[in-house]
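*Asks:* Fold the following, please.
(chains A and B)
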Amino acid sequence: MTATRSVDPGTGTRPSGGLVEQHRRLPRSASAGLFGTGAAVGVLASVLTGFNVVLAVAYAVVLGTLALYVATRSVEGTRKAFDRLVTCVVTTAFALAMVPLVSLVWTVLSRGLRRLDGEFFNSSMLGVVGEGGGAYHAILGTLIITGLTAVISVPVGLLTAIYVVEYGTGRLKKAITFLVDVMTGIPSIVAGLFAFALFAIFYGPGVRLGIMGAVALSVLMIPVVVRSSEEVLKLVPNELREAAYALGVPKWRTILKVVIPTAIAGLATGVTLSVARVIGETAPLLITVGIINGTNVDPFDGRMATLPVFAYYQLTQPGFPPEFAIDRAWTAALVLIILVMALNVVGRLISHFFAPKTGR
Amino acid sequence: MTTTSAPPQPPRPKRRVGDRIFAGSTTGAGFLILLVLAGVAVFLITEAWPAVTAPAGDIPGGNGLGAYIAPLIFGTLLAAVIALVVATPLAVAIALYITYYAPRRLATAMGYVIDLLAAIPSVVYGFWGIATLAPALVPFYVWAEDHLGFIPLFAGPASPTGRTMFTAGLMLAVMILPIISAISREVFSQAPALHREAALALGATRWEMIKMAVLPYGKSGVIGGAMLGLGRALGETLAIAIVLSASGGITFNLISSSNPSTIAANIALQFPESTGLDVNTLIASGLALFVITLAVNMLARWVVNRRADFSGAN
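*Replies:* Numbering: from 1, shown residues only, chains lettered A, B, ... in the order given. This next block holds a predicted model:
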């Protein structure tokens, strides 16, 4: 335990007198060393009591933290020790949150890669019993329904965002902002029920249409588009708008020619991310669109297959023998994750490369 | 020449056709949002009404609508509360780690990684839950039944498949973790730099600085974030439908194979095979879910927005 004292850099001598407070500190490498020692003891303890990965890690972290805490407390005092303890706890929490992510990606990858082949993307489930078959019809259905959703949601969402940022005043603006926030929290299954109830009134109960799914997904997607576009439009500097007005440009042209082009990258990112948000939605499609084995590309005529619902039914109702359907389900889940991740990456890339250089 | 010219009239703003169309269509879109939200309520009530007025014997279960929905509401709340209890402290710790402990250059990337958890579709969580999480928890359930069985929560018998309420709650916790941590992160990073620096300058350790300058400032943000997470957990559907082995009934026993279902999961499981009054009953339960989540979300937004008014950042 070395006691460091402040040393006058000029003369190299200690300042005389007892006025300078002296701190006793652990050397820098000691914290890692102490944690390591505690962790090693923890692993040893778990090996002696029958090895188990989870328990070993838990023992190691707890004992490592404890060792560091006790050592710091005896050398540096309670406050520093508690600070170290919190650092350890907070870091552990972060590591703990990584566990499900890694485990999930690993599970889906290892089980989904088995059927990630050409046939999966080329064939539908029409007449398939047992081996083979694919999700061509489901992928097509997902693309059509998500496309329709985007066609409905993007204009409505964008216009609402423009209203809130550029035109809105007073109560109505506040009400809309608040309700959009509330709408973000509508459970997806309730959105599905809404679409079902809406169409059941006109077409009678038991109706299943692709467009119903698009309506349900729009309820979920519109608020996301509004929120993200609103944030981006607010970032456009007011100087640009004022410059346009000063030149005599009408408001609508200012918005179309100045505000939106400045914000276009952010808007594109927001739309991409909101598509990523709804493309994996299962519950509303389950009750509005249903599932079929063949390919149906007409969203106004009968049931369609979609990727998430396909994955769900392949896993929960695999038929006999079950293993082939379960393999298909995992591959569908993998494709779904790849789609969502790709959309996320594309969204971030758009905002990274096309962000306006406004200097803010 | 003493005539004074009349003071110049301020030029009247010209209402151009383009402006009128544009302003009209954006306002229309805004109204559409109001309409949709009202529509959700109206259509759900319309379709749920037959179940409300039907004689008790016609409702599935034969004891009326209340008896049908009550266990579902209980299951929904139970799963969501487990998720909240597990996720909130973890999410706050993660937010603190990313804002104040992680190396600066890595912090943004770590934020993205946590956000990725939010991007994974719910059905995939269900797959993971039933294939990985549930089996992994079985040894714990067996242990809990043996050693903690005196607590009603762990009375057992332990489920051999691990498809229990506790598993479902843990999975929900993972799903709402990114929501709570994203909002906590935002408020923590907005804590006034002056307060933080003042604390450090007075010799506070990093934890003391966080305790004195960051946490009081971010408290209502964390509460609001937790309630938004609660809203998400209440409405989560397929992950629970896949993982939870539900048999109805109200029980606090978290580790056995007979659990109350949740509203959303029950709808997803029953709806495709239902006709007639069963559909109306399910829609009525959906209406109950809608009301609960709406209340929770409104409260959450109110808490978050109230904080924004006091924020020193703006």
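*Asks:* List, one by one, the residues from the stretch 151-300 of chain B near chain A.
*Replies:* Counting by Cβ under 8 Å from any Cβ of the partner chain, the stretch 151-300 of chain B comes close to chain A at B:174, B:177, B:181, B:205-208, B:210, B:228, B:231-232, B:234-238, B:242, B:264, B:267-268, B:271-272, B:275-276, B:279, B:282-283, B:286, B:289-290, B:293-294, B:296-298, B:300. Yep, even glycine has a C-beta here, placed from its N, CA and C like the rest.
*Asks:* What remains of these if I keep only buried residues?
*Replies:* B:174, B:177, B:181, B:205-208, B:210, B:228, B:231-232, B:234-238, B:242, B:264, B:267-268, B:271, B:279, B:282-283, B:286, B:289-290, B:293-294, B:296-298, B:300 (16 or more other Cβ atoms under 10 Å in any protein chain shown).
*Asks:* Now, the residues of the stretch 151-300 of chain B next to chain A that are in helices?
*Replies:* Judged by DSSP state H, helices contain the following of these: B:174, B:177, B:181, B:206-208, B:228, B:231-232, B:234-235, B:238, B:242, B:264, B:267-268, B:279, B:282-283, B:286, B:289-290, B:293-294, B:296-298, B:300.
*Asks:* Could you check stretch B:249-262 and say which residues are buried?
*Replies:* Buried, per 16+ other Cβ under 10 Å, within stretch B:249-262: B:Thr251, B:Asn253, B:Leu254, B:Ile255, B:Ser256, B:Ser257, B:Asn259, B:Pro260, B:Ser261, B:Thr262.
*Asks:* how about the last one, what does it touch?
*Replies:* Taking Cβ atoms under 8 Å, 6 or more residues apart in numbering or on different chains as the criterion, B:Thr262 is in contact with B:Leu72, B:Gly75, B:Thr76, B:Ala79, B:Ala168, B:Glu236, B:Ile240, B:Leu244, B:Ala246.
*Asks:* most neighbours, which of those residues?
*Replies:* Ranked by the number of neighbours (other Cβ atoms under 10 Å in any protein chain shown), these place B:Ala168 first, at 35 neighbours.
*Asks:* how about that residue, what does it touch?
*Replies:* By Cβ under 8 Å, 6+ apart, the contact set of B:Ala168 is B:Ala79, B:Ile82, B:Gly129, B:Ala239, B:Ile240, B:Val243, B:Leu244, B:Asn259, B:Thr262.
*Asks:* among these, which are in helices?
*Replies:* Members of the contacts of B:Ala168 lying in helices (criterion: DSSP H): B:Ala79, B:Ile82, B:Ala239, B:Ile240, B:Val243.
*Asks:* Give me the distance between stretch B:127-138 and the centre of its chain.
*Replies:* 22 Å (Cα atoms, centre = their mean, to the nearest Å).
*Asks:* ok, residues contacting that stretch?
*Replies:* Identification of contacts with stretch B:127-138 by Cβ under 8 Å, 6+ apart yields A:100, A:103-104, A:107-108, A:111, A:311, A:315, A:329-330, A:333, B:158-164, B:166-168, B:170-171, B:239, B:242-243.
*Asks:* Please indicate which of those are buried?
*Replies:* Looks like these have A:100, A:104, A:107-108, A:111, A:311, A:315, A:329-330, A:333, B:158-159, B:162-164, B:166-168, B:170-171, B:239, B:242-243 buried, using 16+ other Cβ under 10 Å.
*Asks:* Go through those and flag which are in helices.
*Replies:* Reading helices off those with DSSP H, I get A:100, A:104, A:107-108, A:111, A:311, A:315, A:329-330, A:333, B:166-168, B:170-171, B:239, B:242-243.
*Asks:* ok, so of the contacts of B:Thr262, who is nearest chain A?
*Replies:* B:Glu236 (7.6 Å; Cβ to the nearest Cβ).
*Asks:* how near is that closest one to A:Val62?
*Replies:* Per Cβ to Cβ, to the nearest Å, B:Glu236 is found 32 Å from A:Val62.
*Asks:* Looking at the stretch 151-300 of chain B, which residue is nearest chain A?
*Replies:* For the stretch 151-300 of chain B, the residue closest to chain A is B:Gly235, as judged by Cβ to the nearest Cβ, at 2.4 Å.
*Asks:* what sits against the closest residue to that residue other than its chain neighbours?
*Replies:* Leaving aside its chain neighbours, B:Gly235 sits nearest to A:Pro187 (2.4 Å; criterion: Cβ to Cβ, 6 or more residues apart in numbering or on different chains). If you count contacts by Cβ under 8 Å, 6+ apart, A:Pro187 has them with B:Leu234, B:Gly235, B:Glu236, B:Thr237, B:Ala264, B:Leu289, B:Phe290, B:Thr293.
*Asks:* The fifth one against B:Arg232, yeah?
*Replies:* No: under the criterion of Cβ atoms under 8 Å, B:Ala264 lies out of contact with B:Arg232, with a separation of 11.0 Å.
*Asks:* tell me the centre residue of chain B?
*Replies:* Centroid check for chain B by Cα atoms, centre = their mean gives B:Arg232 as the closest residue, at 2.3 Å.
*Asks:* do the host helix or strand of A:Val156 and chain B meet at all?
*Replies:* Per DSSP states H and E, A:Val156 falls inside helix A:136-162. Yes: contact of helix A:136-162 with chain B (Cβ under 8 Å from any Cβ) involves A:Pro155, A:Val156, A:Gly157, A:Leu159, A:Thr160, A:Ile162.
*Asks:* what's that helix packed up against?
*Replies:* Contacts defined by 3 or more Cβ pairs under 8 Å, 6 or more residues apart in numbering or on different chains; DSSP states H and E place helix A:136-162 against helix A:118-122, helix A:210-235, helix A:260-279, helix A:307-316, helix B:17-53.
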